[in-house]
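Asker: got a predicted structure plus its sequence, pasted below:
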Amino acid sequence: MKLIKLNHIIAFVLIWVICGCSDFLDLSPQSEANVENFYRDAEDFENAVLAAYSALQSGSQYGSSGTDEFGGNFYAIMEVRGDDTSDGSLGAGNGIATAELDLFIESAGNIILAQTWGSLYQGINRCNIVLNRIDGVSMDQDIRNQLKGEVSFIRALSYFNLVRIWGDVPLVLTEVSVEDARNTIRNPVGEVYEAIIADLTFAQSTLPNFYGTSKLGRATSQAASALLGKVYLTLKRYNEASTVLKAVINSGVHSLLDDITDVFAPTNKGNNEIIFSVRFLKGGSGEGNSGFGTPNVQNLVPFYDPNDLRLALLDTIEDPNSVSKRFLRKFFDPASSAGDRAPDFPVLRYADVLLMAAEALNEESYTPDGEAFNYINQVRTRAGVNTYTSADLADQASFREAVLSERKIEFPLELQRWFDLIRTERAIDAIGSIGITINSNRLLFPIPQREIDVYNNPIGFPQNPGY
Amino acid sequence: MKKSLLKKILLMSSYILWTIRIATIPLLIATGTALADGQNLRNVKVSLKANHIPLDEALDILEQKTNFRFYYYGNIPVDKKICVHAKSLSLRDVLKQICGQAHVDFQRVDNVIYVRKSKEIQNTILTTSQEESVTQNDREITGKVSDAKTGEPLAGATIQVKGTTKGTVTDADGTFTLSVPENAEVLIVSFLGYLKTEIPLGSQTSFEVYLEQNSATLDDIVVVGYGTQKKTDITSSIVSISSEDLGNQSVVSIDQALVGKVAGVQVIQNSGSPSGGIQIRVRGIGSISAGNDPLYVVDGVPISRQSSFATGANIDPSAVGSTSRYEQPFNPLNTINVNDIESIEILKDAAAAAIYGSRGAKGVVLITTKKGQLGKAKITIDSYYGVQKLLDKVDVLDAYQYAELSQEARNTTYLERINGADINDTNEERLAKGATNSMLIADIFRPYLNGQPGLTNTDWQDEIFRTAAIQSHTLSAAGGTDRVNYFISANYFKQEGILIGTELARYSGRFNIEVKASDKLKFGVNLNPSVANHQLTNAEGPWFDQGVIGSALFMAPVNKVREEDGSFAQPDLSSLNGNDVNDHFNPVAYATLNRDELGHRRILGNLFAEYEIIKNLKYRLSFGTDINDFRRDYFRSSEIPFLISSDPKATSSTETTINWLVEHTISYDFEGNGHNLNILGGFTAQKEKIESNRLLASNFPNDLVTSLNAGTVTGGSSRLDDWSLLSLIGRVQYNYKGKYFAAASLRSDGSSRFGSGNRWGVFPSFSVGWRVSDESFLADNKILSDLKVRGSYGVTGNFDIPNYGSIGLISSANYVTGEGTGSIVNGLAPITPSNESLTWERTETFDVGLDIGLFEDKMYLQADYFVSNTSDLLLNVPLPQASGFSSALQNIGKVQNKGFELVVGVQNKFGGLEWDLNANFSTIENEVKALGVENEPIIVNGNPSSISWITKVGGEIGAYYLPIADGVFLNQEQINTQPHRSDARPGDLQYIDVNGDGEINFANDRAVVGSVIPDYSFGISTSLKYKGVDLTISFQGVQGFEVLNTLRRYVGVNESFGNALTDVYVNRWQSESNPGNGQTPRANRIQSGGQSQISTWHVEDGSYIRLRNITLGYTLPKSWMQAVRLENARFYLSIQNPFQWTDYSLYNPEVNNRPNQALAPGEDYGSYPLATIYTFGTSITF
């Protein structure tokens, strides 16, 4: 009897302990937030989504970092790379790497490219985590859809930038393990664009047109549509582009401001012309932006009509509280301390939508004094310059030229120029006109050498040609 | 039914008796009802005249006449008429008469005599002198058991009738009395530590038995994981060291006593600080980033060493003013009193260690503490007192030499760098010609240069080192009965460090108690509470981080320690050094003024119960715990002005670790027909929680109150960590006739540290052995007494990976939204990737070994060869950024260790002289086989950053990777014809153009120039015993490894920025005609020729041989001791580390400033030297 009892006890203890196994071994950090105890409720996902926006602020993307007041990596890749702008402060920070990009002598080891590649995928990962996990958490269905729409927008924007910079890139749409990441390959451009269109179509349908005051600045349905228009335009799918862009115009949600300088004023953030911008805040919060560089845009001035109201945006302003001292008026915001200023960066604005719509309609078919004329003239009227008629622009080609020229003087420093040149296949000529001869391989940037080394997969993950 | 009822009553009553006896043994005599001293059936005489009276009546009479009481139950023939005529006959004889007539047997337990029907007595329990039985057909034998050598009686020896469980044990005089059944033929006499003897009974009734002591090698019991094994049966690589082997060494912790004792186990004493600094490396270094310390198991409890605390850096660096405080890590063994230790077993190969699974890869050290032995209480006092002195002083310049060197160096710089300079120029003229301060002759040197006597001439080593006391006192009581054994001890240990400002005082206790509650149930406790108080100072850091020892070696001897008013002097830097470096500081002031105290309180122990379910099938439950509580208080005095402001600062930090363990094991032994089988199975769970807090305060008004309340708390932090481990274990050990052996074990570990996708690991092992000497073809061999070959294979793991390494961490990534300027909204994003497959490092080990005994084991030899391959090394590996991250902790990489180990020994007697010699020798080869994804070498830089270590495929872990200095340029012609640095001059070091490009570029001209991994190491110890005198001498040495002496960058370059090594000063290049030894750079205040680069000039051969210990002891003769009623008394004199033979220029070649960084080992910035310790000790047993 004694024996039986003892056996019972042993059996009981064993069962008790073994049953406790799974909990017993599932320990997670208690002094640090971690993926095991996060992503559990709606508020966690709200935080996770805002972190995805935060990636866009990085100095490796739309932001700029450090007290050297360098304009940031996108500025180097998308603006300085073009024909209109060179950077005036090449000595500081990423200066040498910027100069290489400016002069088309960059190698695969260029630090800006490596940083930007990493930052874009970091942002994409933050989006993937949300999309992967949010369906497993109970929350209000509308909120869930909105959050999913927002990260879909950010992911699409990030891939749109990746694919335009490097061409084929790994298309990662779910959270991947360390091992799976190693097995990714460079997916063809077409597949990447398909994913971008799918994300934006989803975002379009789930995001609201407006947010309440505290959420102002988050991605809207209009932002998704406008970006989708730009994607279609880039893909030369003009009919789809014009459709979606006209919808933005006809919705009446956004409009041109009367005074172009108001669009960028730090005191006028979130104005009606801004469709989507990356937000910053100064005052020592760590959310500041050190400014958008000290560009040299003197090449650009002759392209303006002397009466063009937009010319004033290219004036230089001195900032005593600054390292670099001189800034263009366009994004100027006096620093609260060195490197801490707060101009938002406009990614999509209504004037862009008008000009893209004009371009798309013209590419579909030239219509004398048609809608396309109307759109481009809205922009010109606001700038205080003469409007175009079919007498000025008698055929499709000349209208095409006019739109491109208009974009050149409407969007300096807005990271449009290099991709406009690529899209319209003018890059080699335009760069040639400033005295630099480039091969077509330079239309794509080299894949960062670090990635080539890590993958070590020449077939699935080759370098771009010519690098 | 009735029968079983009776049995139960008997059984139960005896339980009660035992319980009473446990509580009252010492009081037995005092209680009136109990038996008078020594009464037994033989010495109680009775007279009885009984004619045909019933049995019960006769027993009643006997009860009245004696102190005994008779117990019986109804089925005894109480009415049976008996006849007894006895006159002053022993009760035994009386009862014997009754036996035959009434057909009953008697069994006495204490003062109770049980009466039962004949042949029903169940003598399953070993009877003792407190129990005896009288049965009808038995006969009584008596005897005495003694030591065959000394003739001393042996108390507690077991006498057993072969083939039965009937037996007894000897009393304090070694005598025994036993009733044996008539048909008994053979007695077995045994005693722990002696050879078992069988004695034919014949008709003899009195026996004199002499037992031979068991010579060291045979039949010893060795502790293995979760059990014990006969030493002769072992087929894996296990080293067992008894407390005797460790000798009388004055050490704070047991690991220090192991230095040089074990082949294949490098015990690296890299600091002489009382508070720690020891590393044990079992068979080399197998891990790059997951730690290389073995698992320590104390009485079955794998102990905690999670703490980064203790003497590991846990002070806020901003308070210390040091960026890289060099501290030795917590030594988990220094709370355990060396006197309490019975044995240490080191499980070297995987076959032995695999039972510890994911923690076995770095070897396992099993520590077993003492148990009480059967017999009366032994009270022992172990005491020693000693003094410690610096082993070897470093030879540096005195003030007059220093002034000379300094003048020469300044002149060199002046003449070389200033146009038109003349050596006889005055300081004014020099300044006029454009000299800088470094080219002037400081006023302070002039009297020295003029040879004026009686000037300040400080020997800074004398100032920081002292003759320090060490003492240890242990009082222990040990003893036991057949039911209970106990070992209780209390210890006070205090060691002043030879460096001022360092001390350790420890108070510890031990309670080891084991109770045999019944013949089936046993339970016990091992408990070791301790309190240790450490006084610490920043001993070992670089001088610029205020390391006291480095500073003392570097501090110029022209500086005073104290001003006339008694306050600490600080050197006049501007005049002395002539440049803007201002962080020399007074090391005596630092070690004296700052307060740095560490308190460590610990409870380590376990409770266990063992139940024999059926014969030889035992279930054991063990609950262990290791609770550590640390508190460290640091206060930086306002009188320390350098580096950081003189505002006093203080930190106070605490850490508590709670570790608990539950183990269920079942074991089964089977013996029969030559087959011996032991099976073990079990389940264990262990968990540890680590909580720490730290507070930082400043703004103290003065130095009067040093606790935080006197200042303003300016910061703090808090942390909570935990880990858990669940395991299933199994093992089978088999041998056939002690000739053919096979064993296999398996452990499965699941740990919270492993990623959820890789949570459980399986660690198997197999081993086989063949005792060739037992085969018939060797049976008649006179020379070979033992020959065993063995081989093993096993897999072990290293689970010392970060607690939550597999789980991604989240950090803030805020954004801005809202109208107007907007406001911050919180975003949170992962900053490190999760790695679900993160897991243990895996080590596979093959081992083959040979054990040989010659001439009846008077000579023995043990040899082992092993190859161990570690894979899945933990590394921080670059990731494709498409994962969202740039790098991750992953299991990639391979390291191989292989080595050869040899132990030879002799033990012999020449008349009364006993001689014992033991020597061990081992080699180790370490090779990195794979690293990361691309096999990129890992280069680690030190401080100065020109130090580098390389870990690359094909090389050793953490090899020095430096330019090669090849003597000095003897003349300009050599410079012109060889690759050189552009500013090189004759007398500057020349470097080898490693890549052959004709230029000396330090980044490209580096090579692997040595490592801390030795070619071989050895230990020799010998002891002589003659009558009461014993002498033990042991040596130990490590050969073929290199030390990176970074302090040489300052004291070994004749820069005269601070003091210099005499050797370097004497051998310096002075001119083409007087080039010194051709190796040593010239005196030059501003270095040229790239000499500030760390190179092979700073790498030294660390090989050393150390006379580790000499002990001379004397044990008083028995006759004297009996006179003063002592059991044993021994006195001894011991000297530890009296000599060291090495070419190394600083104190201790086994230095390692970064013990936790396998990739950057072996650096010396001024290490805590070992002491020579002279002790006088006594060990007295009552």
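Answerer: All right, it came through fine. Residues are numbered from 1 along each chain as shown, chains lettered A, B, ... in the order given.
Asker: the worst-scoring helix or strand of chain B on mean pLDDT: what's the following helix or strand?
Answerer: Lowest on mean pLDDT, DSSP states H and E among the helices and strands of chain B sits helix B:2-24, with a mean of 39. Next in sequence after helix B:2-24, counting helices and strands by DSSP states H and E, comes strand B:45-54.
Asker: can you tell me what sits against whatever helix or strand comes next after that next one?
Answerer: Heading C-terminal from strand B:45-54, the first helix or strand you meet, by DSSP H and E, is helix B:55-65. The contact list for helix B:55-65, computed with CB atoms under 8 Å, 6 or more residues apart in numbering or on different chains, reads B:46-48, B:50, B:68-70, B:72, B:76-82, B:84, B:91, B:94, B:98, B:102, B:104, B:115. In short, each C-beta sits where N, CA and C put it, glycine included.
Asker: now stretch B:361-375: average pLDDT?
Answerer: Here stretch B:361-375 scores 87 as its mean pLDDT.
Asker: the strands in chain A, which residues?
Answerer: A:86-87, A:274-278, A:295-296, A:316-318, A:326-328, A:345-349 (DSSP state E).
Asker: out of those strands, nearest to chain B?
Answerer: Proximity to chain B (CB to the nearest CB) singles out strand A:274-278 among the strands of chain A, at 9.0 Å.
Asker: okay, whichever residue of the stretch 251-400 of chain A sits closest to chain B: pLDDT?
Answerer: Nearest residue of the stretch 251-400 of chain A to chain B, counting by CB to the nearest CB: residue A:279, 4.0 Å away. The model reports residue A:279 with a pLDDT of 93.
Asker: excluding chain neighbours, give the residue nearest to it in space.
Answerer: residue B:816 (4.0 Å; CB to CB, 6 or more residues apart in numbering or on different chains).
Asker: so the one you found sits against residue A:216, correct?
Answerer: No: with contact defined as CB atoms under 8 Å, residue B:816 does not reach residue A:216; the gap is 10.1 Å.
Asker: can you pull up the bridge partners for residue B:1020?
Answerer: Residue B:1020 has the following beta-bridge partners by DSSP bridges: residue B:919, residue B:1035.
Asker: report the contact partners of it.
Answerer: Contacts of residue B:1020 (CB under 8 Å, 6+ apart): B:917, B:918, B:919, B:920, B:1034, B:1035, B:1036.
Asker: and which of those residues is nearest chain A?
Answerer: residue B:920 (40.8 Å).
Asker: report the contact partners of that closest one.
Answerer: By CB under 8 Å, 6+ apart, the residues touching residue B:920 are B:260, B:261, B:262, B:263, B:901, B:902, B:903, B:904, B:1018, B:1019, B:1020.
Asker: endpoints of stretch B:493-500, how far apart?
Answerer: 18 Å (CA to CA, to the nearest Å).
Asker: could you say which helix or strand contains residue B:677?
Answerer: strand B:675-698.
Asker: so what does that strand touch, helix or strand wise?
Answerer: The contact analysis (3 or more CB pairs under 8 Å, 6 or more residues apart in numbering or on different chains; DSSP states H and E) places strand B:675-698 against helix A:2-19, strand B:227-230, helix B:317-320, strand B:649-672, strand B:712-736.
Asker: what pairs with the last one, and is each one parallel or antiparallel?
Answerer: According to DSSP bridges, strand B:712-736 forms sheet pairs with strand B:675-698 (antiparallel), strand B:740-751 (antiparallel).
Asker: residue B:1067 against residue B:1079, yeah?
Answerer: Yes: with contact defined as CB under 8 Å, residue B:1067 and residue B:1079 form a contacting pair (6.8 Å).
Asker: narrow the contacts of helix B:55-65 to those in strands?
Answerer: The strands, defined by DSSP E, take in B:46, B:47, B:48, B:50, B:69, B:70, B:81, B:82, B:84, B:104, B:115 from the contacts of helix B:55-65.
Asker: what about burial for these, which qualify?
Answerer: By neighbour count, with 16 or more other CB atoms under 10 Å in any protein chain shown, those hold B:46, B:48, B:50, B:70, B:82, B:84, B:104, B:115 as buried.
Asker: and for stretch A:129-143, what's in contact with it?
Answerer: A:39-42, A:44-45, A:48-49, A:52, A:144, A:147-148, A:151-152, A:155, A:173-175, B:830.
Asker: inside helices: which ones of the residues you listed?
Answerer: Judged by DSSP state H, helices contain the following of the contacts of stretch A:129-143: A:42, A:44, A:45, A:48, A:49, A:52, A:144, A:147, A:148, A:151, A:152, A:155.
Asker: so what's residue B:926 up against?
Answerer: Contacts of residue B:926 by CB under 8 Å, 6+ apart are B:284, B:285, B:895, B:896, B:897, B:956, B:957, B:1011, B:1013.
Asker: which residue is it, in the stretch 101-250 of chain A, that comes closest to chain B?
Answerer: Nearest residue of the stretch 101-250 of chain A to chain B (CB to the nearest CB) works out as residue A:125 at 2.5 Å.
Asker: so which residues on the stretch 401-550 of chain B come close to chain A?
Answerer: Contact residues, the stretch 401-550 of chain B versus chain A (CB under 8 Å from any CB of the partner chain): none.
Asker: what about the closest residue to residue B:731 other than its chain neighbours, how many neighbours?
Answerer: Excluding the flanking residues, the one nearest residue B:731 by CB to CB, 6+ apart is residue B:745, at 3.9 Å. A count of nearby residues for residue B:745, using other CB atoms under 10 Å in any protein chain shown, gives 28.
Asker: report the beta-bridge partners for residue B:745.
Answerer: residue B:731, residue B:765.
Asker: ok, it - contacts?
Answerer: Residues in contact with residue B:745 (CB under 8 Å, 6+ apart) are B:351, B:354, B:355, B:729, B:730, B:731, B:732, B:764, B:765, B:794.
Asker: change it to 7 Å
Answerer: B:354, B:355, B:730, B:731, B:765 (CB atoms under 7 Å, 6 or more residues apart in numbering or on different chains).
Asker: for residue B:382, same thing?
Answerer: So residue B:382 contacts B:339, B:474, B:1179 (CB under 7 Å, 6+ apart).
Asker: do the same with residue B:692
Answerer: B:653, B:654, B:655, B:719.
Asker: relative to residue B:766, how far out is it?
Answerer: The gap separating residue B:692 from residue B:766 is 42 Å, by CB to CB, to the nearest Å.
Asker: ok, residue B:605 to chain A distance?
Answerer: Distance check for residue B:605 against chain A: by CB to the nearest CB, to the nearest Å, it reads 21 Å.
Asker: just checking, that residue touches residue B:524?
Answerer: No: at 10.5 Å, residue B:605 does not count as touching residue B:524 under the criterion of CB atoms under 7 Å.
Asker: out of the contacts of residue B:920, who's the most crowded?
Answerer: In terms of neighbours by other CB under 10 Å, those top out with residue B:263 at 27 neighbours.
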